[in-house]
Structures are given as C-alpha cells and as structure tokens.
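1. Predicted model, plus sequence, below.
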Amino acid sequence: MKTFYLAIITGAGIGGGIFLIFSHMSLYPLNIPNSASGSYTSFDAVGLQNTYHVGDTANFTLVIKGHGMVLCITPEMRIYNDLAPDKPILDVKSATMSCPVQTQPQDFQLYFPSKTSSFTMTLNQTGSYTLEISYGGRTILDSFTVISPENDDFSDDGKHSIGNATFEIPSDKKIPSYFCANQEYYSSGNDVFLICRHVSNSTSNAFNLPDPEYKYTGCGGCALGFAYVPQIPANLLSDEKKQQVIDKVLEVTGLKTRYPDIVLDHFLIQARADHWFADVQFVIPHIMNGYGHCGWYTASDVDLDTLQISPSDIPIGNSRC
C-alpha cells in the first residue's frame, strides 16, 4: 500500500512551473494541522506496488480520508510512462458526486472507484511510471517502475542498480541555481537524477547524511512538463536517530513536560534543496481541537543537518475533552 499526503507538493512551485516533490510514501497531513483546526487529508493508493514486471496487472483503490469539509467531487487521475506523459494508460476525469449536507468539518473516508472495486491496468512496457492525482485544485505525484521479467536484480530502493554516468543535462531541464547551488546530474539506464550537493562552506551535518537526490520525471500537469522527485532512502535515519529527533522536539518545545500523554502521530522525512528535514507531528489526546473533537495536533519542522526546530513555541488550546 502506498500512502501519501497532499499538502507538501504545492510548496515548491518555482521557476515558471517546475515542481519539486518534497514527499514520498509516508503519512503526512494536507495542511500541517494548525492550532485552530486540526484539518488533514490523506491519500492511500491501496494495492499499488513499487515495482512490477512486464505483463503484470496493477490494481489499486484510492482511499481519501481525513477531517474537514468534504469536497463533493471525484479526483482526477492519470498514470503514464514518463517517456510518454501525453499517452496515459489510466485517465480518469473529475466529476461531481453526491455528498451529505455539511454544516461543520467532519471525519471522512472516501473510496474510488468504490469500496469493493479497483482501478485495473495491464503493464506491457518497461519504464518509470507516474501516478498523478488532482484534487481540490492541487496535484500530487507518485511513481512506480515496470521491469522486464529477467531483470530480477533490480534494486527497489528508488534507484537502478546498473552503472551511473555523469553527463550534461540540457539547460531547459535544469532547475534554477537559487534552489540548488551545487547541481550534479547523472544518468542510470533511461533515468536522470539530480544530486543537490551541500554548499562547500557547510559544516553542519548532525547525522552525516548523504546529499539529497532527485529523479527527473515527466509531469503532464506541470507547466514545463517535468518534475524532480526526491529519492528518500528507507534507511536514511535509523530508529535510534529518529528517536533522538523526537526527543529533541519534545525537549525544545516543552511539550512532553506540559502534556505527558502526548503521542507521536507521524515522522516524515523530506528533501528540500541540499537539506534533509523531518516533519514531526504529535497529538495531545485530552485537548479538544477547533472542530470539537478530542485530539490536538501539533507539528514541528526539524532541519536534520543542524537540528534546528521550527516552530519551537507552539500554541495549544485550553479546552479539555
């Protein structure tokens, strides 16, 4: 199952329409729940895998759930080979749908095409594929790969295991230098990757992390027709290091002292330019949020190179459940 959230995609439109996708398959809220609402929306492509072989059938059901006002429309979805974004193998148009009268935000869970059915397609060509979902005026992307049956040594870690070759990328495919000052592009098979090197005078790297890497992908809904998607290693941070970050946030914000029953909601690693960040979100069960529900959500952004935390002073509501 692939789970991904909507909000962080749109925070990176730069240079006339280039999109840099700051997330991968992890839980993340539509908008980091603010101190007044606690709204969020998540998307689960249930059944969609990272890797397929030619001839496989891909099946998935899109589950949209969260808390807030329900949009009375269906999502628009496309799946296409990155080499042919204008020839989608799945093309689902948005439409209006019936939904109950809403007088206030509510918990919701929606299934597309339905709770008991799925989108189905046969994958007949190797390559990198993009799932593009448009919903509520925003667009999110995710990817999977189709390989030949004999290529079972494919490494499913977001990169091809064959040799790399550094090369000069055409200028119209480069990202602006103000986003990434030290750009290094290389090819691997049919794929193109960007490594955003740390600036030369940077000495802060708390966990000695590698430079962030992004994969070039076609994007039918983007102004320039392409995007750079971060390749986030599954083992970028060990469980011990993640706990160090969580403890640091609780210490700096004082949340653990003030709210002993606080629990972790999610820990999401993001790449932005030449830095790694973690979005660390907690929920305080006994505090009522702005919608009259128990559970106050609060989140901090942590620079994994410097361990700077923002915000460090987090407002919390006063109404108890």
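-> Noted; the coordinates are in hand.
2. Now for Cys99, how many residues are close by?
-> By other Cβ atoms under 10 Å, the residues close to Cys99 number 13. C-beta here means a position set from N, CA and C on the backbone, and glycine is covered the same way.
3. How about it: what's its closest non-neighbour residue?
-> Cys72 (4.4 Å; Cβ to Cβ, 6 or more residues apart in numbering).
4. Give the full set of residues in contact with the one you found.
-> Thr96, Met97, Ser98, Cys99 (Cβ atoms under 8 Å, 6 or more residues apart in numbering).
5. The first one and Cys72: what is the separation?
-> What it means is Thr96. Using Cβ to Cβ, to the nearest Å, we find Thr96 at a distance of 6 Å from Cys72.
6. Quick check, Ser300 in contact with Val280.
-> Yes - between Ser300 and Val280 there is a contact under Cβ atoms under 8 Å: 5.4 Å.
7. Just the buried ones among the contacts of Cys72, please.
-> Buried members of the contacts of Cys72, counted by 16 or more other Cβ atoms under 10 Å: none.
8. ok, so of these, who is nearest Asp86?
-> Thr96 (26.5 Å; Cβ to Cβ).
9. Quick check: beta-bridge partners of Asp303?
-> Beta-bridge partners for Asp303, by DSSP bridges, are Phe277.
10. you'd agree it is up against His275?
-> Yes - applying Cβ under 8 Å, one finds Asp303 in contact with His275, separated by 6.1 Å.
11. immediately after the worst-scoring helix or strand of the chain on mean pLDDT, which helix or strand?
-> Every helix and strand of the chain was ranked by mean pLDDT, DSSP states H and E. The lowest is strand 19-20, at a mean of 34. For strand 19-20, the following helix or strand on the C-terminal side (DSSP states H and E) is strand 40-46.
12. Would you mind listing the buried residues in the helix or strand just after that next one?
-> Next helix or strand after strand 40-46 toward the C-terminus (DSSP H and E): strand 51-53. Within strand 51-53, the residues that qualify as buried are Tyr52, counting by 16+ other Cβ under 10 Å.
13. Parallel or antiparallel, which strands does strand 51-53 pair with?
-> strand 138-147 (parallel).
14. send the alpha carbons of the strand it pairs with over as PDB?
-> Extracted C-alpha coordinates of strand 138-147, given in PDB (Å, rounded to 0.1, in the frame of the first residue of the first chain):
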ATOM      1  CA  ARG A 138      -3.800  20.600  -6.100                       C
ATOM      2  CA  THR A 139      -1.800  18.000  -7.800                       C
ATOM      3  CA  ILE A 140       0.300  15.200  -6.200                       C
ATOM      4  CA  LEU A 141       2.600  12.700  -7.800                       C
ATOM      5  CA  ASP A 142       3.900   9.200  -7.000                       C
ATOM      6  CA  SER A 143       5.900   6.700  -9.100                       C
ATOM      7  CA  PHE A 144       6.500   3.000  -9.700                       C
ATOM      8  CA  THR A 145       8.700   1.000 -12.100                       C
ATOM      9  CA  VAL A 146       8.000  -1.700 -14.600                       C
ATOM     10  CA  ILE A 147      10.900  -4.000 -15.400                       C
END
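15. How far away from the center of its chain is it?
-> 11 Å (Cα atoms, centre = their mean, to the nearest Å).
16. Next, the buried residues of it.
-> Buried-residue list, strand 138-147, by 16+ other Cβ under 10 Å: Thr139, Ile140, Leu141, Asp142, Ser143, Phe144, Thr145, Val146, Ile147.
17. Which of the residues in the helix or strand encompassing Val245 are classified as buried?
-> Taking DSSP H and E as the criterion, Val245 maps to helix 239-253. Within helix 239-253, the residues that qualify as buried are Lys242, Val245, Ile246, Lys248, Val249, Leu250, Val252, Thr253, counting by 16+ other Cβ under 10 Å.
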